[in-house]
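Trainee: next input, structure requested:
(2 chains)
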Amino acid sequence: MNNVMLLMTEATKANVLKSLEIMWKGLAAIFIVIGIIAVITFIMNDISTRKAQGKNIFGKPCAKKEKKEKGSSEE
Amino acid sequence: MDYIIEGLNAVTWQQLVMWVIGAVLIFLAIKKKMEPSLLLPIGFGAILVNIPGSNVLGENGIVQWLFEVGIEASEAMPILLFIGIGAMIDFGPLLSNPKLFLLGGAAQFGIFVTILLAALIGDSVFSIEDAASIGIIGAADGPTSILVAQTLNSKYLAAIVVVAYSYMALVPIIQPRVIKLITTKKERCIHMKYTNYTVSKTTKILFPIAVTLVAGLIAPASLALVGFLMFGNLIRECGVLDSLSDAAQNVLANLITLLLGITIAFQMQAEYFVTWQTLIIMGLGLFAFVFDTVGGVMFAKFLNLFTKDNKINPMVGAAGISAFPMASRVVQKLGLEEDQSNHLLMHAVGTNVSGQIASAIVGGLIIGLVAG
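Mentor: The predicted structure follows:
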């Protein structure tokens, strides 16, 4: 690698270093963005699943549903 | 008579080469059905702008005007096309399995390796702006390639766009060979479970807003692409703008596509296009597509190291390049070739649309990293 770098002109060397910088920064940024979006999606899916089951985000029955259930048991 | 001979004498051999290239592109579009909506206008445009004394060029030339207004001034055409693309995409398969997002990100690997390779060729051939613009061919996404090459002021815009669209059309030929080379039969036979999970309407509406916010805050340079892609998708999913969604998917997308090809042809003037650099760009473009596929497949294998059951079929990773829907179809076809009961389409589509988002983000990131 060092020999290859020695054969390059200064401008090419600068370009190669810049492209390496683009590579690591670009890959890191894309995985951060994609990772955050994936987590947000997972959370949104989880909330809508719980909502469909009549539970709040902590997995406990929603107040409305609880009231309804209590009402029906009293009857 | 002299007038006719004068016109014929003015034709240079480079212009003749461009006529042949134009004819080949038209042939591929009509006979082989390779991206006909783009390659046919580009092919015809290549002939149109290479006729000596053509009045489509110059200060009052229509093609030059379209290029200056539609692409050079604001990159309006590729960005507006993203509204149509966004309106066409159903993110449902991706939202029901968010793990697939990672494969879309990994399949952008080829872009970065190609930038490095183009930079290694030397500053006398490609500047860093050119190298970055060539690398984005690996996004397998025409509008993103146009936007990046134009924003970075690359003189190889036409070659980059023609190569990008040509290889997108060649995905069914390129990808199966690469996939078979780096996967075993056992891996290709992995069955992936289907969940009957239905994504809620609220999630589908919130998703484009969330993506715009996250991409905008972390990679603001990608906002023009990602924002318009997500705007199109929001119109589709909101449920109250059906006629606008329909207009974006059909009228807007068709109109822009119709003009985009012939506008790009402005850059296909012989003196800019008939160079040996165009041949190198063709080679680098292929390299980008191959390494995108490798990136997606290898990342799926990497993820499998940490999962005991519900492993990912590595072929699905290859669908992370954004060529939609060809890449998903390739994966589905390969899956069925190995095992008639192995249906991978929905997983591949999920990864494919993830690649669409990822390539738009990467396009913006590269603009920010090179120009910034």
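
Trainee: contacts and neighbour counts: CA atoms only from here.
Mentor: Will do.

Trainee: same for the host helix or strand of residue A:49, what does it pack against?
Mentor: Assigned by DSSP states H and E, residue A:49 belongs to helix A:10-52. Counting by 3 or more CA pairs under 8 Å, 6 or more residues apart in numbering or on different chains; DSSP states H and E, the packing neighbours recorded for helix A:10-52 are helix B:100-106, helix B:109-121, helix B:128-135, helix B:201-218, helix B:345-371.

Trainee: SS state for residue B:196?
Mentor: coil (DSSP: H, G, I helix; E, B strand; the rest coil).

Trainee: close to chain A, is stretch B:343-353?
Mentor: No - with CA under 8 Å from any CA of the partner chain as the criterion, chain A is not reached by stretch B:343-353; the gap is at least 12.1 Å.

Trainee: measure stretch B:123-141 end to end?
Mentor: End-to-end span of stretch B:123-141 (CA to CA, to the nearest Å): 26 Å.

Trainee: and what of stretch B:259-268?
Mentor: Counting by CA to CA, you get 15 Å between the two ends of stretch B:259-268.

Trainee: neighbours of residue 51, how many?
Mentor: Picking chain A for this. Neighbourhood size, residue A:51 [other CA atoms under 10 Å in any protein chain shown]: 15.

Trainee: looking at chain B here, not the other one
Mentor: Burial measure for residue B:51: 21 neighbouring residues, criterion other CA under 10 Å.

Trainee: next, it: secondary structure please.
Mentor: Secondary structure of residue B:51, per three-state DSSP, is coil.

Trainee: number of nearby residues for the spatially closest residue to residue B:323 that is not a sequence neighbour?
Mentor: In this structure, residue B:323 finds its nearest non-sequential neighbour in residue B:140, 5.3 Å apart by CA to CA, 6 or more residues apart in numbering or on different chains. Using other CA under 10 Å, the number of residues around residue B:140 comes to 31.

Trainee: let's have the helices and strands packed on helix A:10-52 in JSON lines, adding mean neighbour count.
Mentor: As requested, these are exported to JSON lines (neighbours: other CA atoms under 10 Å in any protein chain shown):
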{"stretch": "helix B:100-106", "mean neighbour count": "30"}
{"stretch": "helix B:109-121", "mean neighbour count": "25"}
{"stretch": "helix B:128-135", "mean neighbour count": "30"}
{"stretch": "helix B:201-218", "mean neighbour count": "19"}
{"stretch": "helix B:345-371", "mean neighbour count": "26"}
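
Trainee: redo those as JSON lines? Include distance to residue B:317 and mean pLDDT.
Mentor: Putting the helices and strands packed on helix A:10-52 into JSON lines (distance: least, CA to CA, whole Å; pLDDT from 0 to 100) gives the following:
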{"stretch": "helix B:100-106", "distance to residue B:317": "5", "mean pLDDT": "92"}
{"stretch": "helix B:109-121", "distance to residue B:317": "12", "mean pLDDT": "94"}
{"stretch": "helix B:128-135", "distance to residue B:317": "20", "mean pLDDT": "94"}
{"stretch": "helix B:201-218", "distance to residue B:317": "21", "mean pLDDT": "92"}
{"stretch": "helix B:345-371", "distance to residue B:317": "7", "mean pLDDT": "91"}
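
Trainee: of all those helices, which one comes closest to residue A:54?
Mentor: helix B:201-218 (16.0 Å; CA to CA).

Trainee: residue contacts, residue B:220?
Mentor: Contacts here follow CA atoms under 8 Å, 6 or more residues apart in numbering or on different chains; on that basis residue B:220 touches B:364-365.

Trainee: measure it to chain A for me?
Mentor: Distance from residue B:220 to chain A, counting by CA to the nearest CA, to the nearest Å: 11 Å.

Trainee: tell me which parts of the stretch 251-372 of chain B are close to chain A?
Mentor: B:358, B:361-362, B:365-366, B:369-370.
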